[in-house]
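>>> Generate coordinates for the sequence data below:
(one chain, ligands or ions: 1)
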Amino acid sequence: MLAVPTHIALAEPQDLARLSVHFAEVADEPLFVLTSEFPRTLEATEKFLSQVLSSPHVGLLIGKQEQKVVGHCLIRSTDHPALRHVAKISMAVSADARRQGVGEALLRAAEKWAQQRRLRKIVLDVLANNRPALRLYEKLAYREEGARKDQVMIDGHYHDELLLAKFL
Ligand SMILES: CC(C)(COP(=O)(O)OP(=O)(O)OC[C@H]1O[C@@H](n2cnc3c(N)ncnc32)[C@H](O)[C@@H]1OP(=O)(O)O)[C@@H](O)C(=O)NCCC(=O)NCCS
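Numbering: from 1, shown residues only. Below is the predicted model:
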C-alpha cells in the first residue's frame, strides 16, 4: 500500500521534463548508476525516452506524486529468439520519496508488464552492499543466481555485484 498517493503508469512524451528532473536526482546515486549511459540532461532524456517509446521490447514505468516524477523502473526485453523470454530491470526512486512504497509499486507494475508479454523471467544486477534494494527484491521473491566478484570499483574500493532473478 502506497503511503503517499502515487500514480504508476508507463511514461509518455509529456513526462519528458519531469522525468529529466528525476533522472538528474538519481543519476549520482552511488548504489545505483555506475555506468555512463544514464541520461543526465534534458536532451539525453529526450533521446532516451524516444528510443524507449519506439521499442515494443522496452517499458518505462514511472511513479508520479502530484506532477512530480519520483521513481522509475526500466524493463527491457529483446527479440533475440534465444532470449526473448527474459527481461532485465533497473530502477530508482528519488531520495525524498523513498520508504513510501513507490519502489515496490513500480516493480510490481514492471512484473505485470512482463506477464502481459508472456515473459518468463526477470533478471537484475545489484551491488552486494545495496541493502534497501536487496530487501525490496527479497520481499518480492527475487532469488540470487550468482555473483560477480569485485565487479565494480567505487571510490577506490571494489564491490561485488549480485545477479538476481524471478520466474513469473
Ligand atoms: C531500492 C529503492 C528503489 C527502494 O525504493 P523505495 O520506494 O524506497 O522502496 P519501498 O518503499 O517500496 O519499499 C519496499 C520494500 O523494500 C524494502 N526496503 C526499501 N527500502 C529499505 C531500506 N532503506 N531498508 C530496509 N528495507 C528497505 C522493505 O522490505 C520495503 O518493504 P516494507 O515497507 O514493507 O518494509 C530505493 O531505495 C532507491 O531508489 N535506491 C537507490 C537506487 C537503487 O539502489 N536502485 C536499485 C539498483 S539495483
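>>> for the residue nearest to the spatial centre of the chain, which residues make a bridge with it?
Per CA atoms, centre = their mean, the C-alpha nearest to the average position across the chain is that of M91, at 1.9 Å. When bridges are taken as DSSP bridges, the partners of M91 come out as C73.
>>> Excluding sequence neighbours, find me the nearest residue to A141.
K166 (5.9 Å; CB to CB, 6 or more residues apart in numbering). The way it works is simple: take the backbone N, C-alpha and C, and place the C-beta from them, glycine included.
>>> Return the distance of the residue nearest to the centre of the chain relative to the ligand.
Summarising the geometry, the distance separating M91 from the ligand, computed by CB to the nearest ligand atom, to the nearest Å, is 5 Å.
>>> residue ranges for the strands of this structure, please.
Here the chain has its strands, by DSSP state E, at 7-10, 58-65, 68-76, 86-93, 121-127, 143-154, 157-167.
>>> does any bit of the longest one sit next to the ligand?
Which is strand 143-154. No - between strand 143-154 and the ligand, judged by CB under 6 Å from any ligand atom, nothing touches; the nearest distance is 11.5 Å.
>>> Find the closest residue to the ligand in the chain.
As assessed by CB to the nearest ligand atom, the ligand sits closest to G103 within the chain, at 2.4 Å.
>>> Am I right that that residue is in contact with L61?
No - the pair G103 and L61 does not pass the contact test of CB atoms under 8 Å, sitting 10.9 Å apart.
>>> Spit out the residues that contact the two alike.
By the contact definition CB atoms under 8 Å, 6 or more residues apart in numbering, G103 and L61 are jointly contacted by C73.
>>> The lengthiest helix in the chain to strand 121-127, inter-axis angle?
Longest helix in the chain by number of residues (criterion: DSSP state H): helix 102-116. Orientation note: helix 102-116 sits at an angle of 150 degrees relative to strand 121-127 (axes from the mean of the first three to the mean of the last three CA atoms, to 10 degrees).
>>> which of the residues in helix 102-116 are buried?
Residues of helix 102-116 classed as buried: V102, G103, A105, L106, L107, A109, A110, E111, W113, A114 (neighbour count, 16 or more other CB atoms under 10 Å).
>>> Done for today, thanks.
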